[in-house]
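Give me a 3D structure for the following:
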Amino acid sequence: MTLSPRAVICDFDYTLADSSLGVIACVNGALTELGFASEPDERIRRTIGMSLPATLVELKGPAAAPRAAEFHRRFMRHADRVMVDSTVLYPWVPDMVATLSAHGLELAIVSTKYRQRIDGVLQREGLRRSLQVIVGGEDVVKQKPAPDALLLAIRTLDLSAREVVYVGDSDADGGAASAAGIPFVAVLSGVTPREHLERYRPIAVLRNAGELPALLGLNTSTKA
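Numbers count the residues shown, from 1 in each chain. You can find the predicted model right below:
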């Protein structure tokens with residue numbers, strides 16, 4: 001399939017960055033404050049990309065759902081202190097962003113992470129000006145795998161679903177892209193197995209989003 005999008009929309013966690021250390025600290029901090037037992041690191045890593053209510057239910061079962069709002073508040077209090085500093089951008093992201101921008105593609109991020117935290121990481125890395133749109137977890141009521149955040153991004157870009165691609169690493173990303181009617185490029189830089197991602201009929205499965213310029217046939221020698 002030949003791709004010639006006008007914009008590339010990316011997930012953030014496990015697609016552009018690894019914030020797992022911060023997420024683990026915030027989840028376990030919130031859980032223990034609520035009287036729950038802490039969870040193993042690997043189990044929490046598998047929830048990254050879910051909404052916070054879904055994370056609580058995944059870790060502690062449906063009976064914990066009524067405490068989701070309190071879990072959310074406590075997670076955010078911890079995240080305000082540690083999340084930006086503990087998030088590490090993948091090393092190939094600056095080159096990827098420069099190449100896509102040099103070829104005139106608009107760039108956006110759609111994530112369940114709060115926009116201010118994404119902004120903080122991008123500002124720190126000198127990349128914020130390269131992103132035209134960021135839709136964070138606070139910007140929609142229904143988060144991925146609902147299509148709402150992706151649809152908001154394409155409306156803000158003033159494009160149609162077929163003029164963009166969405167790059168993500170999780171079931172939530174694949175489900176959102178499918179629901180929004182947006183071509184999906186799956187990446188294996190997270191914890192979701194290839195066979196899960198292939199359920200969403202991605203147009204490609206890449207090792208990581210650093211391979212995206214080559215998929216789009218872009219010459220990396222023209223980076224800005």
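
Just confirm Pro146 is within a strand.
Quick fix: residue 146 reads Ala, not Pro. No: read with DSSP: H, G, I helix; E, B strand; the rest coil, Ala146 is coil and lies in no strand.

Which residue, neighbours along the chain excluded, lies closest to Thr112?
Residue nearest to Thr112 in three dimensions, not counting chain neighbours: Gly137, with 4.4 Å by Cβ to Cβ, 6 or more residues apart in numbering. C-beta coordinates here come from the backbone N, C-alpha and C atoms, glycine included.

Next one: the one you found from Val110, what distance?
From Gly137 over to Val110 the distance is 10 Å, taken as Cβ to Cβ, to the nearest Å.

From Arg81, how far off is the residue of the chain positioned farthest from its centre?
The outermost residue of the chain relative to its centre, with distances by Cα atoms, centre = their mean, is Gly35 at 29.2 Å. Distance of Gly35 to Arg81, computed by Cβ to Cβ: 21 Å.

This protein - how does it break down into domains?
According to automatic domain parsing, the chain comprises the domains 7-18+88-222, 20-82.

Looking at Gly137 and Val110 now, which is surrounded by more residues?
Val110 (32 against 20; other Cβ atoms under 10 Å).

Specify the beta-bridge partners of that one.
Per DSSP bridges, the residues bridged to Val110 are Val135.

got the contact list for Ala186?
When contacts are counted by Cβ atoms under 8 Å, 6 or more residues apart in numbering, Ala186 touches Gly168, Asp169, Asp173, Gly174, Arg194, Leu197, Glu198, Tyr200, Pro202, Ala204, Val205, Leu206.
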